[in-house]
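Asker: Give me a model of this one.
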Amino acid sequence: TYVPVRFYLVAKTDGTGRNSERLALRALCLLNEHYLDQNIQFYLKEFKYPNHTTIYNNSMSNSGWNALKTQVNSNYNAINIFIVDEAGGDAAAYYQPPATGQNKADWIVCAGEYADDTRVLAHEVGHFFSLPHTFNGWEPSGGWDATIHGNPVGTWAPDGQTLNEFVDGTNCQTAGDAICDTPADYMFPSANCTYNPVAKDPHGELVNPDKKNIMNYHFGCSEYYFSEDQKEEVNNSLFSSSRNYVRPNYTPNLTEVNGPATLLSPASSATIETYNYVVLDWSEVPGADRYLVELNALGGGYTRYIVTTNQLILTDLLANKSYFWKVLPFNEYHTCSNYSPSKVFKTGGTFTATFEIEGLDNWSVQPNPARASGMVTVNVESAGGITASVNLLDLNGRLVRSIEQHRFPGGISSLEIPAENLVPGIYLVALQTENSVETKRLAVVE
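Answerer: Sure thing, here's the model as predicted:
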């Protein structure tokens with residue numbers, strides 16, 4: 001069963017502090033490793049990029065809850081996961097179950113520091129699929145303490161309504177997490193996967209919890225897993241009516257993505273004459289239908305782009321500046337790839353994107369402005385004819401439309417580009433041959 005996941009990469013209201021898509025892709029990779037033996041796999045539905053300081057560092061507050069609810073709104077067609085700076089309450093992450101009725105909350109919040117920890121999101125998704133903590137009932141206590149809770153412990157857990165499970169398991173169906181193949185656990189958090197059995201159950205038997213169970217609070221273990229009965233509970237939840245919305249009966253792109261991309265152009269340490277038109281090219285990676293491109297300016301500042309082709313055209317770089325760039329290939333299901341080795345290039349000081357195309361006498365883009373429901377016509381005048389690619393780019397350099405290697409015959413000829421579904425705004429139309437490029441701005445209106 002393939003389950004969609006939507007990541008909200010939250011920044012402060014001013015847009016700063018956002019965690020990277022790479023972090024979320026890594027988190028998704030680890031999530032799939034933990035659920036593979038249950039025949040449950042997760043795929044990327046989409047990224048969203050809210051700017052909201054309260055969600056970013058105080059999501060457990062009332063205003064934070066309301067802000068999260070507003071963000072999710074009607075997006076109940078995937079597991080909604082918010083990656084923030086601070087989850088709140090010293091928590092690495094938490095699951096917010098529905099408040100009243102079906103789909104009234106139902107989201108996960110995770111601190112960026114822990115998003116790609118091997119067990120954190122697997123643990124919260126376990127909660128999403130109905131699993132309690134192995135120490136159910138002990139959450140209010142912060143963990144067993146002999147001076148507070150006694151040794152042996154009493155009949156009831158600190159929440160006052162959950163029975164303490166016996167070590168011999170004779171009350172396992174009604175006590176603790178009510179899952180019989182997880183041993184008694186009274187919440188013994190540790191950062192290094194250690195526990196010295198000193199706590200005793202109500203019968204005086206030493207408690208020895210399973211430190212490697214995903215649903216407890218032991219960090220630092222070499223491996224983690226769900227018990228067989230926990231897996232059954234997850235399966236029952238997944239196929240319950242309340243989880244219909246994460247079972248869209250959809251199979252994602254399962255083609256494996258192997259190997260990093262090879263950065264082709266610009267050559268390492270090359271200087272580009274212009275700074276408002278720089279073309280990044282890299283090798284296609286089999287199976288990849290998306291590429292995460294990270295661009296870092298020497299001295300500080302970085303930008304990330306997700307594109308669907310193996311090319312990115314940048315139109316807003318600084319003059320005479322060095323940039324490092326790298327590329328990570330992925331698809332909606334295979335997100336475990338690594339970045340390519342970085343390369344560096346330097347922009348020049350020329351403010352122009354025009355290098356005269358040999359044989360081109362004149363060209364124009366009409367109408368301009370163009371309507372989002374119409375067509376854009378590229379008119380080319382050339383005595384002997386030219387062969388050129390026509391690319392339509394947004395101002396972030398993302399390729400929106402592309403017609404490769406079109407032959408414009410001698411004289412005056414035209415090529416139509418569909419403009420439907422374009423978001424109103426300013427675009428660049430680039431006429432590009434092997435060695436030269438000319439660009440014109442295009443306005444698109446409603």
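
Asker: ok, Gly89 touching Met60?
Answerer: Yes - using CB atoms under 8 Å, Gly89 is in contact with Met60, at 5.6 Å. Yep, even glycine has a C-beta here, placed from its N, CA and C like the rest.

Asker: More neighbours: those two, which one.
Answerer: Met60 (15 against 8; other CB atoms under 10 Å).

Asker: and the more buried one, what pLDDT?
Answerer: Met60 carries a pLDDT value of 94.

Asker: Ok, Ser63 next?
Answerer: Reported pLDDT at Ser63 in the predicted model: 94.

Asker: and if you look at Thr100?
Answerer: As predicted, Thr100 sits at a pLDDT of 64.

Asker: Likewise for the one 5 residues further on?
Answerer: Residue-level confidence at Ala105 comes out at 90, pLDDT.

Asker: Was I right to think it contacts Tyr95?
Answerer: No - contact criterion CB under 8 Å: Ala105 and Tyr95 do not qualify, at 9.5 Å.

Asker: Which one's more surrounded, the two?
Answerer: Neighbours were tallied for Ala105 and for Tyr95 using other CB under 10 Å; the higher tally belongs to Tyr95 (20 against 16).

Asker: Just checking: what are the partner strands of the strand or helix carrying that one?
Answerer: Secondary structure from DSSP states H and E places Tyr95 in strand 93-96. If you go by DSSP bridges, strand 93-96 pairs up with strand 107-111 (antiparallel).

Asker: Quick one: residues in contact with the partner strand.
Answerer: 27, 59, 68, 72, 79-88, 91-96, 120-121, 124-125, 128 (CB atoms under 8 Å, 6 or more residues apart in numbering).

Asker: returning to that earlier point: and the strand holding Tyr95, how far from the chain's centre?
Answerer: Computed by CA atoms, centre = their mean, to the nearest Å, the separation of strand 93-96 from the middle of its chain amounts to 17 Å.

Asker: What mean pLDDT does that strand get?
Answerer: Regarding strand 93-96, the rounded mean pLDDT is 96.

Asker: what's that strand in contact with?
Answerer: Strand 93-96 is contacted from outside by 60, 65, 68, 87-88, 105-111, 114-115, 120-121, 123-124, 127-128, using CB under 8 Å, 6+ apart.

Asker: now do stretch 46-66
Answerer: Contacts for stretch 46-66 (CB under 8 Å, 6+ apart): 6-15, 17-18, 21, 24, 67-68, 71, 78, 82, 84-89, 94, 96, 105, 109, 306.

Asker: what's the distance between that stretch and the middle of its chain?
Answerer: 16 Å.

Asker: How about stretch 418-425?
Answerer: Mean C-alpha position of stretch 418-425 versus that of the full chain (CA atoms, centre = their mean) differs by 26 Å.

Asker: buried stuff in it?
Answerer: Neighbour-count burial for stretch 418-425 flags Ala419, Leu422 (criterion: 16 or more other CB atoms under 10 Å).

Asker: Now a ChimeraX select for only the buried ones of the contacts of stretch 46-66.
Answerer: Here is the ChimeraX command that picks out the buried ones among the contacts of stretch 46-66, judged by 16+ other CB under 10 Å:
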select :6,7,8,9,10,11,12,18,21,24,67,68,71,78,82,84,85,86,87,88,94,96,105,109
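
Asker: The lengthiest helix in the chain - what's its average pLDDT?
Answerer: The longest helix of the chain (DSSP state H) is helix 21-35. Mean pLDDT, computed over helix 21-35, is 97.

Asker: again with stretch 283-295
Answerer: If you average the pLDDT over stretch 283-295, you get 96.

Asker: Quote the end-to-end distance of it.
Answerer: End-to-end distance of stretch 283-295: 17 Å, with CA to CA, to the nearest Å as the criterion.

Asker: any residues touching it, and which ones?
Answerer: Counting by CB under 8 Å, 6+ apart, 20-22, 25, 253, 255-262, 264, 280, 282, 302-310, 312, 314, 323-332, 334, 337, 339 sit against stretch 283-295.

Asker: related to what we said a few turns ago, show me just the buried residues among the contacts of strand 93-96.
Answerer: Among the contacts of strand 93-96, those buried by neighbour count (16+ other CB under 10 Å) are 65, 68, 87-88, 105-111, 114-115, 120-121, 123-124, 127-128.
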